[in-house]
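Engineer: A structural model of the following input is requested.
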Amino acid sequence: MALIDRLTETSDHRSTLGGSQGGVRQYNERLILQLIRRAGALPKAEIARMTSLTPQTISVIINRLIAEGLLAKGKRQKGKVGQPSVPIAINPSGAYAIGVKVGRRSTEVQLIDFSGDTLANEEVVYDFPTVEVVFDFLRRKVAQFAQHPEIDSPERLYGVGVAMPFGLGDWVEELNAPHEEAQAWQDLDVEKALSEATALPTWLMNDATTACVSEIVFGQALEHSNSLYFFVGTFIGGGVILNGQLFEGTSRNAGALGSMPVCLADDASPKQLIQLASRLQLEQMLSKAGFTPEKELLAPVPCAEALAIIDQWIEQAARAIAYACVSALSVIDFGGVVIDGAFSRALVGRLCHAVESALQVMNTQGLTRPHILVGSIGPKARVIGASILPLYSNFAPDRDVLLKVADFAA
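Structural biologist: Okay, here's the model as predicted:
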């Protein structure tokens, strides 16, 4: 499925029904855009049938969206009965969005079109993200991407979505980061500052949460209406899906799983999950042994010596994640736990298998063990999720059901 399809799906058939009153014109337009995204190119008659809008209303709306460049006519198709039909499809050049992932090790910028295809992507790597370095890079790249040859009008670029840890200036000891630079992030309103720097509307979301959004939109791993999502980046984080909908919480920080207390030994004080199951610890272990972490962690098959170190980390991380899962299950009956990260698919699979094994030996009396599922997006999940934000904010029918997903298992 493309772009907003999974975000806007719902198991309630009424969400596909439109209204013919003038006051809901915009809703009907967005509803039709959503429907075509989800089902693919459709003739007007089929759109009218699926939305229960009159053929006249459908014709007016479709013609208007074609005139605005958001939809396009396909080639006339001959059917078995009746007149040939003309399928109506999403126009990839109808809208564009820029996604930004600001991380503790790198910042990445991506340009996508209305169909969700990536047109440009660039990244800068550093030891720690200083405000000056990050914003200089973003100003240049956003300005460059805004002039991309496929964007025929500035009005087609709908803004910038930002995926960023809400506590970017936290855990400075673990990162050996400069306190002054960390404090600069704490004092900065990133959403406002980036909007002013780029002169574009800006949306900000926690980075692990945007990774969860990308799994909802593009992935195949979310099989349960209540799911817990982990993303293992430099630090581990996550997202919460309740009743098929992303739950952001009061301060939009739900799923801050890295802060969950974990205790793996009877005589030890609890640590945070972030200290036991983050990529940072694995990078340090590999570097100490003389390996290049990026090479080994993204390789389809790491060398045997590196894999031994990776498996050592996986054993600890899996136990810690399993502990966090059991803690979360005592609050919410999650049917599935999805785990993804900035690793090769093979290593994410090994981690998931280890978490499943760790759960088997934990005391889960009174709880139902969830299904452990491998995330399907991978290292690009955060920037992909960020790219989606401007488009679903402008084109989803109803903000309250933006992240509703249908056809889950119980």
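Engineer: does Phe230 count as helix, strand or coil?
Structural biologist: Three-state assignment for Phe230 (DSSP: H, G, I helix; E, B strand; the rest coil): strand.
Engineer: Verify the contact between it and Ala320 for me.
Structural biologist: No. Using CB atoms under 8 Å, Phe230 makes no contact with Ala320, being 10.6 Å away. (Each C-beta comes from the backbone N, C-alpha and C, glycine too.)
Engineer: Between these two, point out the one with more neighbours.
Structural biologist: Neighbour comparison, Phe230 and Ala320: the larger count goes to Phe230, with 28 against 25 (by other CB atoms under 10 Å).
Engineer: Specify the beta-bridge partners of that one.
Structural biologist: Beta-bridge pairing for Phe230 (DSSP bridges): Gly238, Ile339.
Engineer: give me every residue that touches it.
Structural biologist: Taking CB atoms under 8 Å, 6 or more residues apart in numbering as the contact definition, Phe230 lies against Ala208, Ile236, Gly237, Gly238, Leu257, Ile321, Val337, Val338, Ile339, Asp340, Gly341.
Engineer: And the strands in the stretch 101-250 of the chain?
Structural biologist: If DSSP state E, counting those that start in this stretch is used as the criterion, the strands of the stretch 101-250 of the chain fall at 106-113, 118-125, 157-164, 202-206, 227-232, 236-242, 245-247.
Engineer: hey, which of these is tucked in deepest?
Structural biologist: Looking across the strands of the stretch 101-250 of the chain with neighbours counted as mean count of other CB atoms under 10 Å, the highest average goes to strand 227-232: a mean of 28.
Engineer: just to revisit the earlier point, tabulate the strands of the stretch 101-250 of the chain (CSV), appending mean pLDDT.
Structural biologist: Rendered in CSV, the data for the strands of the stretch 101-250 of the chain read as follows (pLDDT from 0 to 100):
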stretch, mean pLDDT
strand 106-113, 96
strand 118-125, 96
strand 157-164, 96
strand 202-206, 94
strand 227-232, 97
strand 236-242, 94
strand 245-247, 88
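Engineer: now the ones you listed in a markdown table, with distance to Leu276?
Structural biologist: Listed next are these as a markdown table, based on distance: least, CB to CB, whole Å:
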| stretch | distance to Leu276 |
| --- | --- |
| strand 106-113 | 23 |
| strand 118-125 | 25 |
| strand 157-164 | 23 |
| strand 202-206 | 20 |
| strand 227-232 | 11 |
| strand 236-242 | 9 |
| strand 245-247 | 25 |
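Engineer: Around the closest residue to Lys73 other than its chain neighbours, count how many other residues there are.
Structural biologist: Using CB to CB, 6 or more residues apart in numbering and skipping residues adjacent in sequence, the residue nearest Lys73 is Val86, 5.4 Å away. By other CB under 10 Å, the residues close to Val86 number 14.
Engineer: just Gln281 next, same as before
Structural biologist: Around Gln281 there are 18 other residues, counting by other CB under 10 Å.
Engineer: Show the contacting residues for Met65.
Structural biologist: Careful, residue 65 is Leu and not Met. So Leu65 contacts Glu29, Ile32, Leu33, Leu71 (CB under 8 Å, 6+ apart).
Engineer: May I ask which of these has the most neighbours?
Structural biologist: Highest neighbour count within the contacts of Leu65: Ile32, with 28 neighbours (other CB under 10 Å).
Engineer: got a list of what that one touches?
Structural biologist: Listed by CB under 8 Å, 6+ apart, the contact set of Ile32 reads Gly18, Ile47, Thr51, Ile58, Ile61, Ile62, Leu65.
Engineer: quick check, distance from the helix or strand harbouring it to the centre of its chain.
Structural biologist: Element membership for Ile32 (DSSP states H and E) is helix 25-39. What separates the centre of helix 25-39 from the centre of its chain is 21 Å, taken as CA atoms, centre = their mean, to the nearest Å.
Engineer: With stretch 362-376 instead?
Structural biologist: 22 Å.
Engineer: and for it, what are the contacting residues?
Structural biologist: Identification of contacts with stretch 362-376 by CB under 8 Å, 6+ apart yields 211, 215, 218-224, 228-229, 231, 322-323, 325-326, 329-330, 333-341, 345, 348-349, 352, 355-356, 359, 381.
Engineer: and with 6 Å instead?
Structural biologist: Residues outside stretch 362-376 that contact it (CB atoms under 6 Å, 6 or more residues apart in numbering): 215, 219-221, 322, 326, 329, 334-340, 348-349, 352, 355-356, 359.
Engineer: Can you say which of the residues you listed are buried?
Structural biologist: Among those, the ones that count as buried by 16 or more other CB atoms under 10 Å are 215, 219, 221, 322, 326, 329, 334-340, 348, 352, 355-356, 359.
Engineer: mind giving me the domain ranges of this structure?
Structural biologist: Domain segmentation of the chain under automatic domain parsing yields 5-90, 94-211+383-401, 220-376.
Engineer: worst average pLDDT in those?
Structural biologist: Per-stretch mean pLDDT for these is lowest at domain 5-90 (a mean of 77).
Engineer: Out of the strands of the stretch 101-250 of the chain, which is closest to Pro261?
Structural biologist: Pro261 lies closest to strand 236-242 among the strands of the stretch 101-250 of the chain, at 13.6 Å (CB to CB).
Engineer: Name the residues that touch the closest one?
Structural biologist: Contacts of strand 236-242 (CB under 6 Å, 6+ apart): 208-209, 212, 226-227, 229-231, 247, 254-255, 257-258, 273-274, 277-278.
Engineer: switch to 8 Å and redo it
Structural biologist: So strand 236-242 is contacted by 165, 206-209, 211-213, 216, 222, 225-231, 246-247, 249, 254-258, 273-274, 277-279, 321, 332, 341, 403, 405 (CB under 8 Å, 6+ apart).
Engineer: May I see the PyMOL selection of the buried members of those?
Structural biologist: The following PyMOL line selects those of the contacts of strand 236-242 that are buried, judged by 16+ other CB under 10 Å:
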select buried, resi 165+206+207+208+209+211+212+213+216+222+225+226+227+228+229+230+231+246+247+254+255+256+257+258+273+274+277+278+279+321+341+403+405
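Engineer: Against which helices or strands is whichever helix in the chain runs longest packed?
Structural biologist: Criterion DSSP state H: the longest helix present in the chain is helix 304-329. Where contact means 3 or more CB pairs under 8 Å, 6 or more residues apart in numbering; DSSP states H and E, helix 304-329 is packed against strand 227-232, strand 261-262, helix 279-288, helix 293-298, helix 345-360.
Engineer: Show me which positions of that helix end up buried.
Structural biologist: Buried, per 16+ other CB under 10 Å, within helix 304-329: 306-307, 309-310, 313-314, 316-326, 328-329.
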